[in-house]
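**Student:** sequence-free structure coming up:
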């Protein structure tokens, strides 16, 4: 998968992961949010504006998690 965005944070033995990517040749971008290897959200979008909004939402959530004591893996 070609990744546009990937971030993993850890705290107290827990892991949060955020990824945006797509397989070569695919038009749709896959957007994943995971907690302890369980998928919380998974979306597929071929609209670039939705991908940008997802990336912005991930960035905001990551900023809040860091503020709450989560650290980059």
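**Tutor:** Okay, I see it. Only a predicted model underlies this, so the values are computations on that prediction, with no experimental measurement involved.

**Student:** Tell me where the chain has strands.
**Tutor:** All strands of the chain, identified by DSSP state E, fall at 2-11, 14-22, 29-35, 38-45, 71-72.

**Student:** Any chance of those strands in JSON lines with distance to residue 55 and mean pLDDT as columns?
**Tutor:** Quick note: C-beta positions are derived from backbone N, CA and C, even for glycine. Shown next, in JSON lines, are those (distance: least, CB to CB, whole Å; pLDDT from 0 to 100):
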{"stretch": "strand 2-11", "distance to residue 55": "5", "mean pLDDT": "97"}
{"stretch": "strand 14-22", "distance to residue 55": "6", "mean pLDDT": "98"}
{"stretch": "strand 29-35", "distance to residue 55": "8", "mean pLDDT": "98"}
{"stretch": "strand 38-45", "distance to residue 55": "11", "mean pLDDT": "96"}
{"stretch": "strand 71-72", "distance to residue 55": "17", "mean pLDDT": "98"}
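
**Student:** hmm, who's touching stretch 15-24?
**Tutor:** 1-10, 28-37, 51, 54-55, 58, 61-62, 65, 70, 73 (CB atoms under 8 Å, 6 or more residues apart in numbering).

**Student:** Just the buried ones from these?
**Tutor:** 4-5, 7, 9, 29-34, 51, 54-55, 58, 62, 65, 70 (16 or more other CB atoms under 10 Å).

**Student:** Excluding chain neighbours, what is closest to the most centrally placed residue in the chain?
**Tutor:** By CA atoms, centre = their mean, the chain has its centre lying nearest to residue 18, at 2.0 Å. Using CB to CB, 6 or more residues apart in numbering and skipping residues adjacent in sequence, the residue nearest residue 18 is residue 58, 4.4 Å away.
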